[in-house]
Structure formats: C-alpha cells, structure tokens
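Student: Need coordinates for the following:
(one chain, ligands or ions: 2)
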Amino acid sequence: MLFAFALLSLGSWLGRLAYAYQDLSDETLKKLPGPGDDFDIKKGSILAPILVPRVSGTEGNAAVRQHFVDFFKTHLPEWTISLHNSTSTTPVSNGKEVPFVNLIATRDPPGTAEGDVSRLALVAHYDSKYTPTGFIGATDSAAPCAMILHVARSIEAALAKKWAATPDDDLDAEHRGVQILLLDGEEAFKSWTDSDSLYGARALAEDWETSFHMASSTYRTPLDSIELFLLLDLLGSKGPKVPSYFKTTHWAYKHMANAEQRLRKLGLIKSSPNHDTKMAKRENKKPRAERPFLTEAAKGDDAFLGGFVQDDHVPFMARGVEILHIIPSPFPQVWHNIEDDGEHLDMDTVEDWTKLVMAFTAEWMELDGFFDAPAKKLTVDAEKSEFEIP
Ligand SMILES: *[C@@H]1O[C@H](CO)[C@@H](O)[C@H](O)[C@H]1NC(C)=O
Ligand SMILES: [Zn+2]
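Tutor: Numbers count the residues shown, from 1 in each chain. Ligands and ions are numbered 1, 2, ... in the order given. Prediction:
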C-alpha cells in the first residue's frame, strides 16, 4: 500500500515537473489567424448559429449543441466528442426533469493513454437565460463559445504538426492535451442559488470525481487530468477589465497578461488605439495609452482577498481543480439585459479576446514554429522563415 501511494505521488509530482510554457515569437503572434467572416453576427458560420435563445431543455439549446457537434465533425474530426447528460427539476419546470447536456471535446497526443494526459481545459457555457423572453446572451456566453471553437480550429494543424514531429518517446513524456467543455445549465431559471444554477457543471464535476482511470494511470480521474480550467464568461463588450481572482493560478494569469501586452506592442489588438491599421492612418505616430483587458498582472501575493464570481468553475474548484477565470469586473453593462445581443457586441474586442486566448493556448501547448504563414503571404514568408512548408 505504501509503495503504491509513493508511486502515485511521484507520478503526479513528475507530471507537475514536466510542465513548461513557451512564449510565442513575434512572428508567430503575427500569424495567428483571425475569425474573418465566421464571426459575422448574421451569417457567420461559427457565431451566428449561437446567437439564438438557447435555454436548457429547449429546441434552441439542442440546435446550438448540434451546431457544435457539426463543427467538430466537419473541421476537427481528430477531436473526440462526447456528451455528458444529466437531468434536474428547476424552479420553473413544475416538477418535470429538464435535460442538461454538456459537450466535451478532447484532443490528446496520438497513442497516449486516457489517464496519462494532462489537459488545458477551455470552458464556456452555451445555455442562455430563461428571462427576459428572447434573451440572446451574446457576451453570456455565445461569444466565448465562438472564441473557443475558432481557437480549436486554428491550433489543430499546429498541434498535429508538432505531434507528428515529436518522437514517440517524447510524446510519452509530454502527454499534454486540450479539452473543450461547453457547459449547459449555467444560468439560474429563477434567481441564483446553489441548486438553481450551474446544473451542467455540478453534474459533470460530480461524475468526474468518481470516474476513475486505470490504476496505473498518472492521473486518477478526468478532474485530476485538468491542469488548468480556463473559464471564459461575459466577454465581448468594449473596455473589459479582468482581475486576477486566484493566487494559485496568478502565474498563468501573468502569462496571459504578458501575451496581451506583446500583442498590443505589435499593433495586433484591434480595439486598441494603436492597432496597426489605425497607426497607418495617423500622422502623429506616438503610441496612445493602452487600456489592458488584464489589469492585475502586477498584483502581489498578499492582495488576494478571496473574492470571486460564482460561475461554472465553482464545483470544479471545490474538488481541487486549478482555475483561471476570465470574466470582467464590473460585468458588461448589457449583463442579463435584453440588449446582450449580437448587435451590442464590440466585434474588435471579441476578436481581441479570441487572439489572446489563442496565443495563451498556443504558448501552453508550445506550438511556436508550427503555425503556417498566412495564406496571402505564403510565398514571401516561405523564403525566410524556418516554418515548415511541406
Ligand atoms: C445524451 O443526450 C443527447 C441529447 O438528448 C442524446 O442524443 C444522447 O444519446 C445522450 N447520450 C447518452 C449517453 O445518454
Ligand atoms: Zn448569465
């Protein structure tokens, strides 16, 4: 028994030791693809289908979930999709059980065993609020779902290239993957309580706590396999300010803040007055003041007072999962208001968040050098870049 215990803790200690984070080069940051028309709120293939009422248990909810499934089947067949089902009554269901369906999409290195991969989880909820009638929830959280889909699609080729270039022995040693959780039933139906909220997240965290991997695995359960739970919520309004909520993941927040700062310096942040298209038009080229989204990179250890926002991470955090919560404080003005719709999104800000989350994910997965040159500049870049042209 003692031996087994020692092995187990050595395993998880090694898992932590293997952790690394690699900044992307400026070249790669410049190459990160934007969503283009796919985020058009009327016709965009990724975002438009999500901008509908999608209350848990309704047809709209099922249609949006089907959109996600179709997206993965079409663009990301390498990802493993599963649905996690649960049911619960709600304060407005008159005793009836409402279904809650979480979508889980996982991309692990080829040939790795289920329990041996530690994953970066990208998380958002896809249900919308029951009231007011017709509520869309564009920031809450249609836009974050769209961001995550675009990030997944944009890193897939780089991931595949990286893994193809990695000798099998190193793949075994690396064992890091990406997991997407699109959660159902985050919103309260009546008013927020422990039982009227987080329906999908609570059911999933509870089930995963007792879903054990093979005894020889590095990680005991799918919860232990989550190296970082990166939760996006209420994103897409102009001028967000996102604090660092948790001391234990402040290091990850700092990495993201650093990526943001570098993207700003490179003129790649569209909502910034210093975006390269605006600089090109301006006579006085002196940079204007930046207003970073991530405002607390310099926060000291003793400034964490324990305040946080109730959200899908709660049942996971209660079970020891490390959380990076990207949610603005204050909330957007449109929060839980009928105006939280596609028209009220600030599309530059939506694209900026997407790029930032993509950069963070690519740095986490150490993908520098595996992104293709943008299609237009391919011939020019091919000459002088070390990036693979097959
Ligand atoms: C979960 O629910 C979905 C949607 O209702 C259904 O299609 C699927 O078969 C269910 N999966 C399981 C494992 O019960
Ligand atoms: Zn909400």
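
Student: Going by C-alpha atoms from here, please, whenever you check contacts or count neighbours.
Tutor: Noted.

Student: roughly how far out does stretch 202-212 sit from the chain middle?
Tutor: Between the centre of stretch 202-212 and the centre of its chain there are 20 Å (CA atoms, centre = their mean, to the nearest Å).

Student: same thing with stretch 240-249?
Tutor: 15 Å.

Student: Which parts of that stretch count as buried, going by neighbours?
Tutor: 240-247, 249 (16 or more other CA atoms under 10 Å).

Student: now do stretch 58-67
Tutor: Buried, per 16+ other CA under 10 Å, within stretch 58-67: 60-62, 64-65, 67.

Student: Give me the contact list for stretch 199-209.
Tutor: Contact with stretch 199-209 is made by 84, 86, 88, 100-102, 183-186, 221-223, 312-313, 315-316, 319, as judged by CA atoms under 8 Å, 6 or more residues apart in numbering.

Student: now do stretch 150-168
Tutor: Here stretch 150-168 makes contact (CA under 8 Å, 6+ apart) with 32-33, 35, 46, 75-76, 109-110, 171, 354-355, 357-358, 362, 365, 367, 370-372.

Student: Over to stretch 35-55?
Tutor: Outside stretch 35-55, the residues that reach it (CA under 8 Å, 6+ apart) are 60-62, 64, 67, 126-130, 134-138, 142-143, 146, 149-150, 185, 341-343, 351.

Student: so which helix or strand takes in the most centrally placed residue in the chain?
Tutor: The centroid of the chain falls nearest to Leu122 when counting by CA atoms, centre = their mean (3.0 Å). Per DSSP states H and E, Leu122 falls inside strand 118-125.

Student: Let me know the average pLDDT across the next helix or strand after that strand.
Tutor: Counting by DSSP H and E, the next helix or strand C-terminal to strand 118-125 is helix 143-165. Across helix 143-165, the average pLDDT comes to 96.

Student: Tell me the buried residues in helix 143-165?
Tutor: Result for helix 143-165 [16+ other CA under 10 Å]: buried residues 143-152, 154-156, 158-163.

Student: what's the answer for stretch 272-285, then?
Tutor: Buried positions in stretch 272-285, judged by neighbour count with 16+ other CA under 10 Å: 272-276, 279.

Student: Also stretch 252-260?
Tutor: For stretch 252-260, a neighbour-count test (16+ other CA under 10 Å) marks 252-260 as buried.

Student: Could you look up the SS state of the closest residue in space to His255 that isn't next to it in sequence?
Tutor: Nearest residue to His255 in three dimensions, chain neighbours excluded: Phe360, at 7.4 Å (CA to CA, 6 or more residues apart in numbering). Recorded secondary structure, Phe360: helix (DSSP: H, G, I helix; E, B strand; the rest coil).

Student: chain center to stretch 318-338, what's the gap?
Tutor: Stretch 318-338 has its average C-alpha position 13 Å from the chain's average C-alpha position, going by CA atoms, centre = their mean.

Student: and if you look at stretch 221-234?
Tutor: Mean-position distance between stretch 221-234 and its chain equals 9 Å (CA atoms, centre = their mean).

Student: What of stretch 133-145?
Tutor: With CA atoms, centre = their mean, you get 16 Å for stretch 133-145.

Student: what's the span of it, first residue to last?
Tutor: 21 Å (CA to CA, to the nearest Å).

Student: ok, now stretch 24-41?
Tutor: Stretch 24-41 end-to-end distance (CA to CA) = 30 Å.

Student: Count the residues that sit near the closest residue to Asn61 other than its chain neighbours.
Tutor: Excluding its sequence neighbours, the residue lying closest to Asn61 (CA to CA, 6+ apart) is Arg54, at 3.9 Å. The number of residues packed near Arg54 is 27, by other CA atoms under 10 Å.

Student: For the remainder of this discussion, apply numbering that starts at 546.
Tutor: Done: numbering now begins at 546, and the last item shifts to Arg599.

Student: Could you check how far Arg599 is from Lys641?
Tutor: To Lys641, Arg599 is 18 Å away according to CA to CA.

Student: What of Glu805?
Tutor: 46 Å.

Student: low pLDDT regions in this protein?
Tutor: Applying pLDDT under 70 to the chain picks out residues 546-564, 716-718, 918-935.

Student: For it, just list every one of the strands.
Tutor: Remark: strands assigned in the chain by DSSP state E are 625-633, 643-652, 663-670, 721-728, 771-777, 868-871.

Student: Distance of the closest residue to Asp741 other than its chain neighbours relative to Gly745?
Tutor: The shortest distance from Asp741 to any residue other than its chain neighbours is 5.0 Å, reached at Ala733 (CA to CA, 6+ apart). Here Ala733 is placed at a distance of 11 Å from Gly745 (CA to CA).

Student: Looking at these two, which one has more neighbours?
Tutor: Taking neighbours as other CA under 10 Å, Ala733 and Gly745 compare with Gly745 leading, 28 against 20.

Student: Please tell me how far that one sits from Lys815.
Tutor: For Gly745, the distance to Lys815 equals 34 Å [CA to CA].

Student: thinking again about what came up before, any chance of the strands of the chain in JSON lines, with distance to Lys810 too?
Tutor: JSON lines is the format used below for these (distance: least, CA to CA, whole Å):
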{"stretch": "strand 625-633", "distance to Lys810": "37"}
{"stretch": "strand 643-652", "distance to Lys810": "32"}
{"stretch": "strand 663-670", "distance to Lys810": "26"}
{"stretch": "strand 721-728", "distance to Lys810": "28"}
{"stretch": "strand 771-777", "distance to Lys810": "24"}
{"stretch": "strand 868-871", "distance to Lys810": "22"}
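
Student: Can you say which of the ones you listed is nearest to Arg833?
Tutor: Nearest to Arg833 among the strands of the chain is strand 868-871; the distance by CA to CA comes to 25.3 Å.

Student: And Ile649, how far from Ala666?
Tutor: Ile649 is 10 Å from Ala666, by CA to CA.
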